[in-house]
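Trainee: Take this sequence and fold it.
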Amino acid sequence: MPDPSQDVRNKVLGRKAEKLICRYLKRRGYRIAAKNYVTPFGEADIVALSRDGTYCFVEVKARTGDPLVSPLEAVTPEKRERYRMIARCFCAQQRREVSVRFDIASVLNGEVEYFEDAFL
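Mentor: Model (predicted):
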């Protein structure tokens, strides 16, 4: 049976990691367009607008200790497809053509590793 207290710890860890990544992106000139952007297809942790006008859909992976799976491997093909559908919803709301990319941000023991264009 799943440990409810572990679920709470994971959610807290995830929210802290998302805040850290938002600060990381802002320091690099990004504007945060949305946090926890929800669609019928799922949720994007962060949608950020880069300096060149590209909307970046960021999946945040938070870990403690030594992870067994790399952040890039942790985003499954199914999750990648959900992100593509989420991006389509977002773009439809913009009512104009926009450029998008899919990034993965990893937070391991407070250290950030950021992967631009992590998948198509």
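Trainee: For burial, what's the neighbour tally of residue 75?
Mentor: A count of nearby residues for residue 75, using other CB atoms under 10 Å, gives 20. The C-beta positions use only the backbone N, C-alpha and C, and glycine is treated the same way.
Trainee: Please look at it and residue 103 and confirm they touch.
Mentor: No. The criterion here is CB atoms under 8 Å, and residue 75 misses it with residue 103 at 10.3 Å.
Trainee: any residues in contact with both of the two?
Mentor: 59, 118 (CB atoms under 8 Å, 6 or more residues apart in numbering).
Trainee: got the contact list for the worst-scoring helix or strand of the chain on mean pLDDT?
Mentor: Using mean pLDDT, DSSP states H and E, the weakest-scoring helix or strand in the chain turns out to be helix 71-74, at a mean of 85. Here helix 71-74 makes contact (CB under 8 Å, 6+ apart) with 61, 63, 67, 104-106, 113, 115, 118.
Trainee: Neighbour count for those - can I get that in JSON lines?
Mentor: Listed next are the contacts of helix 71-74 as JSON lines, based on neighbours: other CB atoms under 10 Å:
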{"residue": "61", "neighbour count": "23"}
{"residue": "63", "neighbour count": "18"}
{"residue": "67", "neighbour count": "15"}
{"residue": "104", "neighbour count": "25"}
{"residue": "105", "neighbour count": "27"}
{"residue": "106", "neighbour count": "21"}
{"residue": "113", "neighbour count": "13"}
{"residue": "115", "neighbour count": "18"}
{"residue": "118", "neighbour count": "19"}
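Trainee: And the helices in the protein, which stretches?
Mentor: For the chain, applying DSSP state H gives helices covering 4-27, 71-74, 77-94.
Trainee: For the ones you listed, please prepare TSV with the additional fields mean neighbour count.
Mentor: Output for those, formatted as TSV (neighbours: other CB under 10 Å):
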stretch	mean neighbour count
helix 4-27	14
helix 71-74	15
helix 77-94	15
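Trainee: and those helices, which one is worst for confidence?
Mentor: Of all those, the minimum mean pLDDT falls on helix 71-74 (a mean of 85).
Trainee: gap between it and the chain center?
Mentor: When C-alpha coordinates are averaged (CA atoms, centre = their mean, to the nearest Å), helix 71-74 and its chain have centres 12 Å apart.
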